[in-house]
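**Student:** Provided below are the primary sequence and the corresponding predicted coordinates.
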Amino acid sequence: MPGRIGVSARTASVWRTATLTEIRRETPRVSTFRFAVPDWPGHVPGQHLVLRLVAEDGYAAQRHYSIASAPDDSGHVELTLDHVEDGEVSGWFHTVARPGDRIEVRGPLSGFFAWPGDRPALLVGAGSGVVPLMSMLRHHRARGLTVPLRLLVSVRRPGELIYAREFGAETTPVFTRSAPEGVAVGRMTAAHVAPIMAERPSGGWEAYVCGSNSFAEHASRLLVAAGQPVERIRIERFG
Ligand SMILES: Cc1cc2nc3c(=O)[nH]c(=O)nc-3n(C[C@H](O)[C@H](O)[C@H](O)COP(=O)(O)OP(=O)(O)OC[C@H]3O[C@@H](n4cnc5c(N)ncnc54)[C@H](O)[C@@H]3O)c2cc1C
C-alpha cells in the first residue's frame, strides 16, 4: 500500500529486478528515469532506495537514490539523476541506459527523512537535493493536501533548475550565479527563510533539508537562526 511508513525491514531488504521504461530530460545534466518494479512495497515521500548495477563479469556497483515520484499504485518509481563528472553509475544511466534495461533495487529506506503529509513541511534543497522534496510536493498535490508546504530551492542558474515547469507559488528558487532579469543573484540567506517562518502554521514547521554537506550545514544554520527548533530539522546529505 503506498503512503505507508511501516514497510518492514525484511520487505525493504529484498532485491527486486526493475525495468527501465522511460527517460525524461530535466536539464542538460539531469534526467528522470522511470522504472517498473514488480511487487514494489510502496514508499513515503522523502525515502530513497539502493540501486545495483551488475556487469556480465559479476562486478557490481551500488548507490543510493531518492525517489522522485509521489507514492501511487502504478508499480513504478521515478529517480532523477545528476550526471556526475566521471561518475560510474550516473554516467552509465546518462550515456548507456535504454528503456528495457534491467537493474536491481532495494528499499524503500529511511523513515527519518519521510514526510507522510501529516504536518506543515518546510522543504529546503539545493541541486539534486530537490529530488526527495519533489516527491513530497507531488504527493501534496496528488492528494490535494491542505497542510502548508513551502519549498526553497537553491541552484546556480535558471537552466539548472530541475522540475522548473512543475513549481508553483509554494516554491522560491534561489539563484547563486545567474538569475532571470529582476531576480537577485546570491546564496540563500535569512531573507529567504524569514517570510516562511513568519507564517507560523498551526503545530509549526517540520523542516527537511537536502543537498551537499556544505549546503545542508548552511541551510540548517539559517533555519535555527530563524527560530526553527533544531530537533525539527531533518537532513539528508548527498555528499
Ligand atoms: C540518501 C542519498 C540519496 C541520493 N539521491 C540522489 C538523487 O536523487 N539524485 C542524484 O543524482 N544523486 C543522489 N545521490 C548521490 C548518488 O548516490 C551518487 O553518489 C551519485 O550519483 C554519484 O555516483 P556515481 O557512481 O555516478 O559517481 P562515482 O563514480 O561514485 O564518483 C565519481 C566522482 O564524482 C565525485 N562525486 C560523487 N558523488 C558526487 C556528487 N553527488 N556530486 C559531485 N561529485 C560527486 C566523486 O568524489 C568522484 O570523484 C544520493 C545519495 C544519498 C546518500
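**Tutor:** Received the coordinates, thanks.

**Student:** for A9, give me the pLDDT.
**Tutor:** On pLDDT, A9 comes in at 80.

**Student:** what's around it, how many residues?
**Tutor:** Residue neighbour count, defined by other CB atoms under 10 Å, stands at 7 for A9. Backbone N, C-alpha and C define where each C-beta goes, glycine included.

**Student:** and it, what does it touch?
**Tutor:** Contact partners of A9, counting by CB atoms under 8 Å, 6 or more residues apart in numbering, are absent.

**Student:** switch to 10 Å and redo it
**Tutor:** Applying CB atoms under 10 Å, 6 or more residues apart in numbering, we find A9 in contact with L109.

**Student:** now it: phi and psi?
**Tutor:** A9 adopts backbone torsions of phi -60, psi -30, taken as degrees, to the nearest 10.

**Student:** can you check V224 too?
**Tutor:** Main-chain torsions, V224, degrees, to the nearest 10: phi -60, psi -40.

**Student:** how much space separates it from P41?
**Tutor:** Going from V224 to P41 by CB to CB, to the nearest Å gives 35 Å.

**Student:** with R98 instead?
**Tutor:** 27 Å.

**Student:** so for the two, which sits in the more crowded spot?
**Tutor:** The residue with more neighbours, out of R98 and P41, is P41; 17 against 7, by other CB under 10 Å.

**Student:** surely that one is in a strand?
**Tutor:** No: using DSSP: H, G, I helix; E, B strand; the rest coil, the assignment for P41 is coil, not a strand.

**Student:** now for the residue of the chain found nearest the ligand: which residues touch it?
**Tutor:** Closest residue of the chain to the ligand, CB to the nearest ligand atom: G87 (2.2 Å). Taking CB under 10 Å, 6+ apart, we find G87 in contact with 63, 81, 93-94.

**Student:** which one (most neighbours) among those?
**Tutor:** L81 (27 neighbours).

**Student:** do I have it right that that one meets R34?
**Tutor:** No: using CB atoms under 10 Å, L81 is not in contact with R34, being 11.9 Å away.

**Student:** what about stretch 147-155, near the ligand?
**Tutor:** No: against the ligand, stretch 147-155 shows no contacts by CB under 6 Å from any ligand atom, the least distance being 13.6 Å.

**Student:** same thing with stretch 122-134?
**Tutor:** Yes: using CB under 6 Å from any ligand atom, we find that stretch 122-134 touches the ligand at 128, 131.

**Student:** just the CA coordinates for that stretch, please, in CSV.
**Tutor:** The C-alpha coordinates for stretch 122-134 follow below in CSV (Å, rounded to 0.1, in the frame of the first residue of the first chain):
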residue,chain,number,x,y,z
LEU,A,122,9.3,23.5,5.1
LEU,A,123,11.5,22.0,2.3
VAL,A,124,14.9,23.3,1.6
GLY,A,125,17.1,21.8,-1.1
ALA,A,126,20.0,22.5,-3.5
GLY,A,127,20.8,21.0,-6.9
SER,A,128,19.7,17.3,-7.0
GLY,A,129,18.8,17.7,-3.3
VAL,A,130,15.4,18.8,-4.6
VAL,A,131,14.6,15.2,-5.7
PRO,A,132,13.1,13.8,-2.4
LEU,A,133,11.4,17.2,-1.8
MET,A,134,9.7,16.9,-5.2
